[in-house]
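Student: any chance you could fold what I've pasted below:
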Amino acid sequence: MAEVVTFSVQEIVKKVASLASEEISLVWVFQGELTKLRESLLLTEAMLRDAGQSKEVRPEAVQIWVNKLEDIAHEADDVLDECGYELLRRQVEVRNQMKKKVLNFLSLHYNPILFRLKMAHKIENINSALENLNKKAASIGLVNKKFSDATSSHEKNIVGREKIVSEIVTTLINSSNTQENETLPVMAIVGMAGLGKTTLAKSVYHEDEIGRRFTEKIWICVSIPFEVKSILSKILEHLKPEKARMQDKDAIIKILQEDLKGKRYLLVLDDVWNEDSEKWNDLMSCLFSVKDTQGSNILVTTRSARVASICIHILYNISSSIDS
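Tutor: Got it, this is the predicted structure:
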């Protein structure tokens, strides 16, 4: 299996997933398709990592599957490079216009709307190709049938979801009732890629009881890399959109201290990969600096038990819930 699922294929998939994460914050016009691309690639990369453990693999079929994956990954790489180049070109052009106060030759022949539509169409086609490829994974032994069923769409139906959601909501509320001063409980939903952690967290987030309990609800997609200032900026953007461009970390913290003081909030950190305890402690230190927020909670989703062990007070393993 090691000869089939090559290191180079895994590397290109990880590279493109990382590029997609970077582009999401820049190309807001089609960020929905970019988000879907990143999630699909991360799911596919997880399949490749787990493939070596499967005893039902059909090598010839898997080789064809991997070749198709490599083609799609390279195509995605090219599209993201094109997006990145265009963003850079536009930044340079804007700077030139500010200096010269005139439009340059490129701007006269460039239609940003057509470019965005073209890029959105290309990324949509790549997403469709990846979705079809991932659907074939179970038939060739790359993943088991249960995993394939769980990952057949981005809005998964978790078995017994209502019960699971109710349990998590109850746990969050109980922990906010019993917590002492200067504590900020963290609950992690842990499970392998595709089992619906984000969907489950969204269900919890939108529960009426959660809305009544918490003054503020904040949803942050973290992914890669885990940068404390970026997370704080996203929290600020949620609370104060007009302050979204603020760059100074201390200034961001000061505004959060003013806006969240005396409020009970739920902060959801979705898709956390960070294994650096110092970064996590830095984030918690910033949040602890906000006073009078007793009863607040943090909910984390991650596929890594190691990540969860760094940050949690309470662990909820979604894999066990599906198995039962």
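Student: rest of the way, CA atoms for contacts and neighbours
Tutor: Noted.
Student: dump stretch 81-89 to PDB, restricted to CA.
Tutor: Backbone C-alpha positions of stretch 81-89 (Å, rounded to 0.1, in the frame of the first residue of the first chain) are rendered in PDB as follows:
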ATOM      1  CA  ASP A  81      -1.800  29.900  -7.700                       C
ATOM      2  CA  GLU A  82      -3.800  31.800 -10.200                       C
ATOM      3  CA  CYS A  83      -6.000  33.300  -7.400                       C
ATOM      4  CA  GLY A  84      -2.900  34.200  -5.400                       C
ATOM      5  CA  TYR A  85      -1.200  35.800  -8.400                       C
ATOM      6  CA  GLU A  86      -4.300  37.900  -9.200                       C
ATOM      7  CA  LEU A  87      -4.500  39.100  -5.600                       C
ATOM      8  CA  LEU A  88      -0.900  40.100  -5.700                       C
ATOM      9  CA  ARG A  89      -1.300  41.800  -9.000                       C
END
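Student: pLDDT (mean, whole number) over it?
Tutor: Throughout stretch 81-89, pLDDT has a mean value of 76.
Student: buried set for it?
Tutor: D81, C83, G84 (16 or more other Cα atoms under 10 Å).
Student: stretch 216-228 too?
Tutor: Going by neighbour count (16+ other Cα under 10 Å), the buried part of stretch 216-228 is E216, K217, I218, W219, I220, V222, S223, F226, E227, V228.
Student: so which of those residues are in strands?
Tutor: Among the buried residues of stretch 216-228, the members falling in strands (DSSP state E) are E216, K217, I218, W219, I220, V222, S223.
Student: so for the residues you listed, which is the shakiest by pLDDT?
Tutor: Within these, S223 has the lowest pLDDT, namely 71.
Student: that one and S175: what is the separation?
Tutor: S223 sits 26 Å away from S175, taking Cα to Cα, to the nearest Å as the criterion.
Student: and for K234?
Tutor: As for K234, its distance to S175 is 25 Å (criterion: Cα to Cα).
Student: likewise for N274?
Tutor: For N274 relative to S175 (Cα to Cα), the value is 24 Å.
Student: contacts only, for the residue lying closest to V169 once chain neighbours are set aside.
Tutor: Among residues not flanking V169 along the chain, V204 sits closest, at 6.3 Å (Cα to Cα, 6 or more residues apart in numbering). When contacts are counted by Cα atoms under 8 Å, 6 or more residues apart in numbering, V204 touches V165, S166, I168, V169, I210.
Student: tell me which of the residues you listed fall in helices.
Tutor: V165, S166, I168, V169, I210 (DSSP state H).
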